[in-house]
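Participant: Structure here, sequence nowhere to be found:
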């Protein structure tokens, strides 16, 4: 009887000890967890990635967290802390919650800027893709001086955006611009390209299309060259017309590349700050200002509204995240793994 009780007690103690060991994790003699195994097996990979993670956290993570925090306050140039000589002026801004977001979303200004930003993005990306695809199809064929054409068509992409902006600003100049000089040379009157809201919008779209076409062209050209020639030969044997070969062979073969470049082009164009700011400055008036240029203006002109600018930045980020998520789900429904 005593022996049975002793065994039962020992078994209970063993179970309790096992439960405690399990809660603490694998012991020295136990099997290591997946994180520990990964660190021990791929330590060199973690060592290589660690500097990138630290730099990314410092350059992106901290500013992002700081921006989200400022968007929940009433921080402006007047109440931000600063140091003047030996005098330290403390910050006096206060936490206001979602007041900045309510104010922005409740104003017609945000929706006006969002509408123009969406139109600007859709027009630019559509022209990027359409013209880029046409040029890629042309360069995918055997032709004389094909390498020279490729180099010439890549040049706009190689020029820094701010340099391209200054070049086109000169070309669009009403008095001394090359474009108006050519119009006057054929007997037409000059156009104030940057003086009218409509022509200014057309002008900045044209510049962005000129800059963005080479990227689309190169990406789609690579996609075209990855499509097996046997598919075209089989379609031709079956009597498919050039349009049918393009529709049922080329377009499906480019689907993966197209989905990626369209998403990248949308994000880049949505945030294309240099061209708008350097060519039109958002003008005339504020007709060509997109969301990012207005957020910049809030933070760095007049009485600098840091909290309002941060709230605009967070809304821009949320819009892009929502767009990317919806786009990815749409691709998954079509059978694309992305």
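Facilitator: That came through, no problem. Source: prediction; values computed, not measured.

Participant: Can you name the residues that contact residue 208?
Facilitator: Contacts for residue 208 (C-beta atoms under 8 Å, 6 or more residues apart in numbering) come out as 120, 124, 269, 272, 275. (Each C-beta comes from the backbone N, C-alpha and C, glycine too.)

Participant: Now which of the residues you listed would you call buried?
Facilitator: Buried residues within the contacts of residue 208, counting neighbours by 16 or more other C-beta atoms under 10 Å: 120, 124, 269, 272, 275.

Participant: Just to be sure, which of the contacts of residue 208 are found in helices?
Facilitator: 120, 124, 269, 275 (DSSP state H).

Participant: Go through the buried ones among the contacts of residue 208 and name the one nearest residue 32.
Facilitator: residue 269 (47.6 Å; C-beta to C-beta).

Participant: check contacts around the spatially closest residue to residue 312 that is not a sequence neighbour.
Facilitator: Of all residues not flanking residue 312 in the chain, residue 295 sits nearest, at 3.8 Å (C-beta to C-beta, 6 or more residues apart in numbering). Neighbour list for residue 295: 309, 312-313, 316 [criterion: C-beta under 8 Å, 6+ apart].

Participant: if you set the cut-off to 10 Å instead, what comes out?
Facilitator: Residue 295 sits next to 113, 273, 289, 308-316 when contact means C-beta atoms under 10 Å, 6 or more residues apart in numbering.

Participant: and it, what helix or strand is that in?
Facilitator: In the assignment (DSSP states H and E), residue 295 maps to helix 291-300.

Participant: okay, the buried ones among the contacts of residue 208 in CSV with pLDDT and distance to residue 169 next?
Facilitator: Output for the buried ones among the contacts of residue 208, formatted as CSV (pLDDT from 0 to 100; distance: C-beta to C-beta, whole Å):
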residue, pLDDT, distance to residue 169
120, 95, 18
124, 96, 18
269, 93, 19
272, 91, 15
275, 91, 10
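
Participant: Could you point out which of these is nearest to residue 175?
Facilitator: Distances from residue 175 to the buried ones among the contacts of residue 208, taken by C-beta to C-beta, are shortest for residue 275, at 21.9 Å.

Participant: returning to that earlier point: a markdown table for the ones in helices among the contacts of residue 208, including distance to residue 75?
Facilitator: Formatted as a markdown table, these follow (distance: C-beta to C-beta, whole Å):
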| residue | distance to residue 75 |
| --- | --- |
| 120 | 29 |
| 124 | 33 |
| 269 | 30 |
| 275 | 29 |
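
Participant: Now do the helix or strand just after the helix holding residue 295 against helix 291-300, angle only.
Facilitator: Where DSSP H and E defines the elements, the next helix or strand beyond helix 291-300 is helix 306-333. Interaxial angle, helix 306-333 versus helix 291-300 (axes from the mean of the first three to the mean of the last three C-alpha atoms, to 10 degrees): 160 degrees.

Participant: Okay, buried residues for helix 306-333 please.
Facilitator: Buried-residue list, helix 306-333, by 16+ other C-beta under 10 Å: 306-316, 323, 331.

Participant: mind giving me the domain ranges of this protein?
Facilitator: 4-50, 107-301 (automatic domain parsing).

Participant: returning to what we had before: so for the helix holding residue 295, mean pLDDT?
Facilitator: Mean pLDDT, computed over helix 291-300, is 92.

Participant: from the chain's centre, how far out does it sit?
Facilitator: Relative to its chain's centre, helix 291-300 lies at 17 Å (C-alpha atoms, centre = their mean, to the nearest Å).

Participant: With stretch 129-144 instead?
Facilitator: So, by C-alpha atoms, centre = their mean, the centroid of stretch 129-144 is 26 Å from its chain's centroid.

Participant: Just the helices from the stretch 151-300 of the chain, written as ranges.
Facilitator: 161-171, 178-185, 197-225, 229-237, 242-245, 251-253, 255-270, 273-279, 291-300 (DSSP state H, counting those that start in this stretch).

Participant: returning to what we had before: any idea which of the contacts of residue 208 is closest to residue 155?
Facilitator: After measuring these against residue 155 - C-beta to C-beta - the closest member comes out as residue 275, at 16.9 Å.

Participant: That closest one contacts residue 161, correct?
Facilitator: Yes - when contacts are counted by C-beta atoms under 10 Å, residue 275 is listed as touching residue 161 (6.1 Å).

Participant: can you list residues touching both of these two?
Facilitator: Shared contacts of residue 275 and residue 161, counting by C-beta under 10 Å, 6+ apart, come down to 207-208, 211.

Participant: Now render those residues as a markdown table, adding distance to residue 198.
Facilitator: A markdown table is the format used below for these (distance: C-beta to C-beta, whole Å):
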| residue | distance to residue 198 |
| --- | --- |
| 207 | 16 |
| 208 | 16 |
| 211 | 21 |
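
Participant: helices or strands up against the helix or strand hosting residue 113?
Facilitator: Using DSSP H and E, residue 113 sits in helix 108-139. Using 3 or more C-beta pairs under 10 Å, 6 or more residues apart in numbering; DSSP states H and E, the elements in contact with helix 108-139 are helix 99-105, helix 146-158, helix 197-225, helix 255-270, helix 273-279, helix 291-300, helix 306-333.
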